[in-house]
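Asker: Whatever this is, show me its structure:
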Amino acid sequence: MAHISIVIPFTKVDTYLAECLDSLTHIQEENVDVVLVYDRIISTSEKILLEECVQKLHIEWSLLYSPIAGLPSCLNAAINHAKGEYICRLDSDDLMIPNRLHLQKEYLDYNPDVAVIGGQILFINELGIEIPNRKSRYPVGKTKTRDAFELGCYLAHPAVMMRKSSFLNVGGYRSQFLFAEDYDLWLRILDKYEIDNLPVEVIKYREHAGQSSRKMNKINLYSMAAVMSRKRRRSDCYQPDLPNYEIEDWVKSELDGLNIEFNNSIKSVGKSSKVDFLEIQFMNAKKFFHEGSMFKSSALVLRIFLVHPVFIVQKFYYFIRVRLE
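Answerer: Numbers count the residues shown, from 1 in each chain. Purely as a prediction, here's the structure:
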């Protein structure tokens, strides 16, 4: 029976983390453990609170310190440390929905070609109350999910379960793609394996008032870098085994140039850069749609249409063609 390790990165011990761990207290299987990972020094009071939280768990747990800061490094350290054949991701402010582990494990057991299985998410506010009419619409089915990744990222990162062997085979998370380390990982996994989503909700995802547009801009840029990296892998001149420092230099130069161009104005950027930028904005529009935020999605599509009407017409033609085939 495959062992599952639930990997939870955290930056502080607070009420959200306590609620997250409380959502795991129903798990009692011997083949499940929890790996908590952090990258900073925690205070004595935080340690006491953390011990109180983990004492409620009925499964084995471990606490890991990552000497290198940042989510990609934390996750790499935790997954390398984890003894599970399957890695279940969960963020420290989200909640596990009962039966998630069973459903995702069963899916991976019966679909050996799939390396990562996601699922739908319910949205909750800062108080843990479900937000009305906010449910995700991530694509379900290997073909639909693969097609969707041609236009953006359609996995909720804290809702995935993945095979540790596949994760290690593609090299894990790359810190050069901070803010889009998951998107970059999924694109590399799709080079060798399949990805899918369950039609049912597997986590409750907490939305924060502090989630800023500045962070979204960084996600856009690094998502674009991940798309560019995939384009290079698909081209004849790309060398997949480039050393990390060369990838880092390349990404930095691309992002520096794009930052300068986008800060001037979307209308002043070069033709190819504008299309790349619109690809990412369209990805965001689809992401908002799949997360149930119809107003944000429609507003963004309208803005893109005003900048480049032909781009939107081409995208809708693509969607219609895929669904008719």
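Asker: Can you classify residue 62 as helix, strand or coil?
Answerer: Classification of residue 62 using DSSP: H, G, I helix; E, B strand; the rest coil returns strand.
Asker: Pull up the gap between it and residue 141, please.
Answerer: As defined by CB to CB, to the nearest Å, residue 62 lies at a distance of 36 Å from residue 141. The way it works is simple: take the backbone N, C-alpha and C, and place the C-beta from them, glycine included.
Asker: neighbour count winner among these two?
Answerer: Ranked by neighbour count (other CB atoms under 10 Å), residue 62 and residue 141 place residue 62 first, with 15 against 12.
Asker: Next up, the contacts around the more buried one.
Answerer: 33-36, 81 (CB atoms under 8 Å, 6 or more residues apart in numbering).
Asker: give me that answer again for 7 Å
Answerer: With CB atoms under 7 Å, 6 or more residues apart in numbering as the criterion, the residues that contact residue 62 are residue 35.
Asker: measure it to residue 82 for me?
Answerer: Distance from residue 62 to residue 82, by CB to CB: 9 Å.
Asker: joint contacts of those two?
Answerer: Here residue 62 and residue 82 have residue 35 as joint contacts, going by CB under 7 Å, 6+ apart.
Asker: Contacts for the host helix or strand of residue 147, please.
Answerer: Counting by DSSP states H and E, the secondary-structure element that holds residue 147 is helix 142-148. Counting by CB under 7 Å, 6+ apart, the neighbours of helix 142-148 from elsewhere in the structure are 114, 139, 154, 190, 194-197, 322.
Asker: again with stretch 21-37
Answerer: Contacts to stretch 21-37, defined as CB under 7 Å, 6+ apart, come from residues 1, 3-10, 53-54, 56-64, 66, 74, 77-78, 81-84, 95-96, 98, 101.
Asker: and if you look at stretch 169-179?
Answerer: Contacts to stretch 169-179, defined as CB under 7 Å, 6+ apart, come from residues 70, 72-73, 75-76, 79, 181, 184-185, 188-189, 192, 218-219, 222, 225-226, 247-248, 251.
Asker: what domains does the record give for the chain?
Answerer: The record's domain parsing of the chain by automatic domain parsing lists 4-206, 213-324.
Asker: Lowest average pLDDT across those domains?
Answerer: Looking over the domains of the chain, mean pLDDT reaches its minimum on domain 213-324, with a mean of 66.
Asker: Please name the bridge partners of the nearest residue to residue 81 once chain neighbours are set aside.
Answerer: Spatial nearest neighbour of residue 81, excluding adjacent residues (CB to CB, 6 or more residues apart in numbering): residue 64 at 5.5 Å. When assigned by DSSP bridges, residue 64 has beta-bridge partners residue 37.
Asker: you'd agree residue 64 is up against residue 78?
Answerer: Yes: shown here, residue 64 and residue 78 form a contact pair, counting by CB atoms under 7 Å, at 5.7 Å.
Asker: Please identify which of the two sits among more neighbours.
Answerer: Neighbour comparison, residue 64 and residue 78: the larger count goes to residue 78, with 23 against 17 (by other CB under 10 Å).
Asker: In terms of helix, strand or coil, where does that one fall?
Answerer: When the structure is reduced to helix, strand and coil (three-state DSSP), residue 78 reads as helix.
Asker: Could you pull up the residues touching it?
Answerer: Contacts were defined as CB under 7 Å, 6+ apart; by that measure residue 78 touches 7, 9, 35, 37, 64.
Asker: can you rerun that using 8 Å?
Answerer: Here residue 78 is in contact with 7, 9, 35, 37, 64, 66 (criterion: CB under 8 Å, 6+ apart).
Asker: Count the neighbours of the nearest residue to it once chain neighbours are set aside for me.
Answerer: Closest residue to residue 78 apart from its sequence neighbours, by CB to CB, 6+ apart: residue 37 at 4.0 Å. The burial count assigned to residue 37 is 24, neighbours taken as other CB under 10 Å.
Asker: which parts of the helix holding residue 147 are buried?
Answerer: For helix 142-148, a neighbour-count test (16 or more other CB atoms under 10 Å) marks 142, 144-145, 147-148 as buried.
Asker: measure residue 88 to residue 40 for me?
Answerer: According to CB to CB, residue 88 and residue 40 sit 24 Å apart.
Asker: I meant residue 84, not that one.
Answerer: From residue 84 over to residue 40 (counting by CB to CB), the distance is 25 Å.
Asker: The two: who's more crowded?
Answerer: Between residue 84 and residue 40, counted using other CB under 10 Å, residue 84 has the larger neighbour count: 20 against 10.
Asker: That one and residue 59 touch, don't they?
Answerer: No: counting by CB atoms under 8 Å, residue 84 does not reach residue 59; the two are 11.4 Å apart.
Asker: could I get the contacts of residue 78 as JSON lines with distance to residue 204?
Answerer: Converted to JSON lines, the contacts of residue 78 look like this (distance: CB to CB, whole Å):
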{"residue": "7", "distance to residue 204": "18"}
{"residue": "9", "distance to residue 204": "18"}
{"residue": "35", "distance to residue 204": "21"}
{"residue": "37", "distance to residue 204": "21"}
{"residue": "64", "distance to residue 204": "25"}
{"residue": "66", "distance to residue 204": "26"}
